[in-house]
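>>> A predicted structure for the sequence below; I have some questions about it.
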Amino acid sequence: MLITFFKRIGLGVLSLIMVVVLITSIIFLSPVDPARLTFGQQFDNEMLEQKRKSLGLDLPLRTQLVYYLRDISPVVFSKQIPSHLREKVLARIPLGITNLVLKKPYLRESYQTGRAVSKMIWQALPSTLLLALSAIIIAMILGILFGLISALNEGCWIDDFLLTLSTLGYSIPSYVSAIVFALVFGYLLHHVTGLNIQGGLKVLNDLGDEVWMPRNLILPSIALGIRPVSVILQITRSAALDVLEQPYVLLAKAKGLPKKMIILKYVLRNSLNPILTATTGWFASLLSGAFFVESVFNFRGFGQLTITALLNYDVPLLLGCILTVSVIFIFINLSLDSVYRMIDPRVE
């Protein structure tokens, strides 16, 4: 088991390196100059060259990749630590002519604001995680419920109706759902729902103080959760239909066990593995899907931060956001194995 765990950790690290290499290559091989975008309308070539040199953009692409990997890596083999990494060092172990250095990952500073990328991500990420968590909870509750109803009424009009709704819900992009919900429930029916068409979890009141506004989470969560509801519904229906045909379920029915007990103890529990696979995958995907939903509702979170970094061509911030999503994907996939073993001992 430990060997498998470390293998997966190694594959995760390799995936992160490939993400960095791929994204960095795309960014730096594009015709846009990130240093140019840090200036206003007035600048000269000498100022531009000094800026490019200070940002390390005058170096070859291969060198920039090596330096960036060194900065974000928690383990570094080096004779001498660069000055900008010295405060990140946690431990230094001499190894002959070199040192094994353990340090905090350094995501550098934003080209546009000069602030530390890690702090900017840390401030924006909790709102988006809460949004994604709310959306996936809604999706799990409704998807499993409707999936079981559909499976227990196979071939009836209820089954056809729910399958039609799930197909429609999956076909509609999240940003389209967000626009519809914002216009209908946030604008046209605002006097009934009391929900705002735009706004984040923290807003400024009339006195200029920052206050919490939890109701601004409702519409984005529902809009973001519509597509996973459709997927979980169909997966639950398919898994439940398969379990309903198993001998132990038929035996439980023959014994006269209550229908509720059969559904909860046998059907639902033995259908959870494919449901969990879809749910965990969608939770990580919702962090990416939240980019567009946050833009529609002006929900200032991680998604909007990523889009701003992309529009401003803020390379360190953009790479930091992409790496954060990649780490979350890898962590969820590693955690999924443990969850499988808790639910289904046969996985051992």
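Received the coordinates, thanks. Numbering: from 1, shown residues only.

>>> list the buried ones in the helix or strand containing residue 7?
In the assignment (DSSP states H and E), residue 7 maps to helix 2-29. Buried residues in helix 2-29, counted by 16 or more other CB atoms under 10 Å: 12, 16, 19-20, 23-24, 27. For glycine as for every other residue, the C-beta is placed from the backbone atoms N, C-alpha and C.

>>> in stretch 318-334, what counts as buried?
Buried-residue list, stretch 318-334, by 16+ other CB under 10 Å: 318-326, 328-330, 333.

>>> Also stretch 78-87?
81, 85.

>>> Outside of that stretch itself, list whatever touches it.
Contacts with stretch 78-87, where a contact means CB atoms under 8 Å, 6 or more residues apart in numbering, come from 70-71, 76, 89, 92, 97-99, 101, 103, 106.

>>> CA atoms only for it - export them in CSV, please.
This file holds the C-alpha atoms of stretch 78-87, laid out as CSV (Å, rounded to 0.1, in the frame of the first residue of the first chain):
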residue,chain,number,x,y,z
SER,A,78,22.2,24.0,-4.0
LYS,A,79,25.5,25.3,-2.9
GLN,A,80,24.2,28.7,-2.2
ILE,A,81,20.6,29.8,-1.7
PRO,A,82,19.6,32.9,-3.7
SER,A,83,18.8,36.0,-1.6
HIS,A,84,15.0,36.0,-2.4
LEU,A,85,14.7,32.4,-1.1
ARG,A,86,16.6,32.7,2.2
GLU,A,87,13.6,33.7,4.3
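
>>> does residue 101 have beta-bridge partners, and which?
residue 76, residue 92 (DSSP bridges).

>>> what's the spacing between it and residue 52?
According to CB to CB, to the nearest Å, residue 101 and residue 52 sit 28 Å apart.

>>> quick one: which of those two has more around it?
residue 101 (22 against 17; other CB atoms under 10 Å).

>>> Give me the pLDDT for the more buried one.
pLDDT recorded at residue 101 is 88.

>>> Also residue 247?
Confidence score, pLDDT, at residue 247: 84.

>>> As a check, name the ranges of all strands in this protein.
All strands of the chain, identified by DSSP state E, fall at 75-78, 89-95, 98-103, 202-204, 210-212.

>>> what's the closest of the ones you listed to residue 298?
strand 202-204 (10.1 Å; CB to CB).

>>> Might you list the low-confidence residue ranges for the stretch 101-250 of the chain?
206-208 (pLDDT under 70).

>>> roughly how far is stretch 71-86 from the heart of the chain?
29 Å (CA atoms, centre = their mean, to the nearest Å).

>>> could we number from 297 for the rest of this?
Yep, numbering from 297; the last one is stretch 367-382 now.

>>> end to end, how far does that stretch reach?
One end of stretch 367-382 to the other measures 11 Å (CA to CA, to the nearest Å).

>>> Let me see the mean pLDDT of that stretch.
Mean predicted lDDT for stretch 367-382 stands at 85.

>>> cool, and stretch 586-593?
The model assigns stretch 586-593 a mean pLDDT of 84.

>>> Contacts for it, please.
424, 427-428, 469-471, 474-475, 478, 482, 493-495, 512, 515-516, 519-520, 595-600, 602-603.

>>> List the contacts of residue 419.
Neighbours of residue 419 in contact, by CB under 8 Å, 6+ apart: none.

>>> at 10 Å instead, please
411, 596-598, 601 (CB atoms under 10 Å, 6 or more residues apart in numbering).

>>> next one: residue 512
Per CB under 10 Å, 6+ apart, neighbours of residue 512: 423, 427, 482, 491-499, 593-595.

>>> circling back: helices - which of the buried residues of stretch 614-630 land there?
614-622, 624-626, 629 (DSSP state H).

>>> Quick check: the farthest pair among these?
614 and 629 (23.2 Å).

>>> wait, residue 599 sits on residue 474?
No - applying CB atoms under 10 Å as the test, residue 599 and residue 474 come out as separate, 11.3 Å apart.

>>> The spatially closest residue to residue 558 that is not a sequence neighbour and residue 561, how far apart?
Counting by CB to CB, 6 or more residues apart in numbering, residue 548 is the residue found nearest to residue 558 once chain neighbours are left out, at 5.1 Å. Taking CB to CB as the measure, residue 548 falls 8 Å from residue 561.

>>> thinking again about what came up before, joint contacts of residue 599 and residue 474?
Contacts common to residue 599 and residue 474, judged by CB under 10 Å, 6+ apart, are 516, 520, 585-586, 588-591.

>>> just curious, which of those residues is nearest to residue 454?
residue 520 (26.1 Å).

>>> Spatially nearest residue to that closest one (excluding sequence neighbours)?
Per CB to CB, 6+ apart, closest to residue 520 is residue 431, 4.0 Å.

>>> can you count the residues close to the one you found?
Other residues close to residue 431 by other CB under 10 Å number 28.

>>> my guess is it contacts residue 517, does it?
Yes - counting by CB under 10 Å, residue 431 does reach residue 517; the two are 4.7 Å apart.

>>> Tell me the residues that contact both of those two, please.
By the contact definition CB under 10 Å, 6+ apart, residue 431 and residue 517 are jointly contacted by 582, 586, 589.
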